[in-house]
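Visitor: Mind looking at a prediction? Sequence and model below.
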Amino acid sequence: MKVMLVSEKSRLYLSFIVLGVLFFTAGFLVGQNQASKIPPAVETGYRIQVLNDRDYYPVLLKTLSKANKSIHIAMFLFKSDTDVVEKIVELLITKSRQGVDVKVVLEDSQDVNELTYRRLLDGGVSVKFDSRALTTHSKIIIVDGKIVIVGSHNFTFSAMERNHEASVMIISQGVAEIEEEYFQKIWSGS
């Protein structure tokens, strides 16, 4: 009978292999649990338009003006103290009066949102502040259940006219469904 001696170096390598397998297995199991919480990727049937800096505002106005069913917005900052942003407020009020389902959720911790909240509410728009328990840092617009605009643009003069900002418009019913579900979660928690 042959006796194999395992060197210290071999034991170290074997230990690393066993630990690697254990970490991989644990990571895989945790990943499986997390993966079920992440919405599925949408692979077909979409178009994307990049909206950097000043490209955003004209596309936003055009998209909102064409809405005929719904406009749902979650916005961190919506500061309607300039003509640029006031046009968005007026457009939302007009669309609401035309029968479009307009809903806006604003971040509660930002005092600058108070004026816009009052203007929208007085204009007949369904508007809420988010829950104080969470910060709504989202900047998302969902139009007619098929168009999503999401990115870094707040509804402020600085975002529209001065800052470097990056957003995208995604035309996809699948993406819009995912984001609508997200919006409704914020809306119902407000």
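Guide: Nice, thanks for sending it over.

Visitor: Could you chop the protein up by domain?
Guide: Under automatic domain parsing, the residue ranges defining each domain of the chain are 8-38, 47-188.

Visitor: Out of those domains, which one sits most buried?
Guide: Most buried of the domains of the chain, by mean neighbour count (mean count of other C-beta atoms under 10 Å): domain 47-188, with a mean of 18. The way it works is simple: take the backbone N, C-alpha and C, and place the C-beta from them, glycine included.

Visitor: Validate this expectation: residue 120 resides in a helix.
Guide: Yes - applying DSSP: H, G, I helix; E, B strand; the rest coil, one finds residue 120 inside a helix.

Visitor: nearest residue to it other than its sequence neighbours?
Guide: Excluding the flanking residues, the one nearest residue 120 by C-beta to C-beta, 6 or more residues apart in numbering is residue 127, at 4.3 Å.

Visitor: same question, residue 159
Guide: Counting by C-beta to C-beta, 6+ apart, the residue nearest residue 159 is residue 153, at 4.7 Å.

Visitor: doesn't the one you found fall inside a helix?
Guide: No - according to three-state DSSP, residue 153 belongs to no helix; its state is coil.

Visitor: does it really touch residue 161, like I thought?
Guide: No - the pair residue 153 and residue 161 does not pass the contact test of C-beta atoms under 8 Å, sitting 11.0 Å apart.

Visitor: contacting residues around stretch 56-72?
Guide: Stretch 56-72 has contacts (C-beta atoms under 8 Å, 6 or more residues apart in numbering) with 49, 51, 84, 87-88, 91-92, 95, 100-104, 141-145, 147, 149, 151, 153, 159-160, 165, 167, 169, 180, 183, 187.

Visitor: Which of those fall within strands?
Guide: Within the contacts of stretch 56-72, residues falling in strands by DSSP state E are 49, 51, 101-104, 141-143, 147, 149, 151, 167, 169.

Visitor: pLDDT for these - can I get that in a markdown table?
Guide: Compiled in a markdown table, these are given as follows (pLDDT from 0 to 100):
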| residue | pLDDT |
| --- | --- |
| 49 | 93 |
| 51 | 94 |
| 101 | 98 |
| 102 | 98 |
| 103 | 98 |
| 104 | 98 |
| 141 | 98 |
| 142 | 98 |
| 143 | 99 |
| 147 | 98 |
| 149 | 97 |
| 151 | 96 |
| 167 | 96 |
| 169 | 96 |
